[in-house]
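1. this one's sequence-less:
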């Protein structure tokens, strides 16, 4: 008798569960990916190449070869791998065996380092691509008493004229009075793809 009751109960449950309206569909939202691992794919794009030269602070647009004259390995980024965690809001930059980690802010597809307010790059989640921006710039000033002052820098992000003039050696291009005075910057974006 007990097996008969168990079989009837099982049959009833099967009929009840199968009698659900089969036209109902459940929408399952895809799980959004929050962790990305990128490697450099050996491609980059030059965004801006700007040179201001004295004695009148005239703006010029040199070719990419000008960058190579100052930075011979400019087209090879030092970061071999980059990890982005959109949930934890961190970016990890791999430099050889060392890792540099920064907190980030995301605004649409743009990535910023909030402590310095640096625009770092663009995260294309759909195609799993990262565009990392790096700036190269130098300031050269003729010093009447002691020759020439020359400083060159590289930094993550981009450089604009307002990042140079009024902050560093010259307040404006008109202050570049010597023929040897120069300010140069170039912005490059390095392309990283998912590995």
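-> Thanks, I have it. What you are looking at is a predicted structure, and each value in this text was computed from that prediction instead of being measured.

2. pLDDT wise, what is residue 28 at?
-> With respect to pLDDT, residue 28 has a value of 76.

3. Could you measure from it over to residue 140?
-> 61 Å (C-beta to C-beta, to the nearest Å). C-beta coordinates here come from the backbone N, C-alpha and C atoms, glycine included.

4. Looking at those two, which one has more neighbours?
-> Taking other C-beta atoms under 10 Å, residue 28 and residue 140 do not tie; residue 140 has more neighbours (19 against 6).

5. May I ask which helix or strand encompasses the most centrally placed residue in the chain?
-> Centroid check for the chain by C-alpha atoms, centre = their mean gives residue 121 as the closest residue, at 2.4 Å. In the assignment (DSSP states H and E), residue 121 maps to strand 118-124.

6. which parts of stretch 182-195 are buried?
-> By 16 or more other C-beta atoms under 10 Å, the buried positions in stretch 182-195 come out as 182, 183, 184, 185, 186, 187, 188, 189, 190, 191, 192.

7. which among those gets closest to residue 52?
-> Checking the buried residues of stretch 182-195 against residue 52 by C-beta to C-beta gives residue 183 as the nearest, at 4.4 Å.

8. Could I get the phi/psi values of the spatially closest residue to that closest one that is not a sequence neighbour?
-> Spatial nearest neighbour of residue 183, chain neighbours left out: residue 52 (4.4 Å); criterion: C-beta to C-beta, 6 or more residues apart in numbering. Here is the backbone geometry of residue 52 (degrees, to the nearest 10): phi -110, psi 130.

9. Residue 52 touches residue 185, doesn't it?
-> No: Residue 52 is not in contact with residue 185 according to C-beta atoms under 8 Å; the separation is 9.2 Å.

10. what's the overlap in contacts for the two?
-> By C-beta atoms under 8 Å, 6 or more residues apart in numbering, residue 52 and residue 185 have no common neighbours.

11. hmm, back to that, please name the nearest non-neighbouring residue to the residue nearest to the centre of the chain.
-> With C-beta to C-beta, 6+ apart, the residue lying closest to residue 121 is residue 132, at 4.4 Å.

12. Quick check: that neighbour touching residue 190?
-> Yes: counting by C-beta under 8 Å, residue 190 is a contact partner of residue 132 at 4.8 Å.

13. Look up which residues are beta-bridged to the residue nearest to the centre of the chain.
-> residue 111, residue 132 (DSSP bridges).

14. Any stretches of the chain with poor pLDDT?
-> 1-25 (pLDDT under 70).

15. At which residues are the strands of it located?
-> Using DSSP state E, the strands of the chain run over 35-53, 58-60, 81-85, 90-95, 98-103, 105-107, 110-113, 118-124, 129-143, 147-156, 182-194.

16. All set now, cheers.
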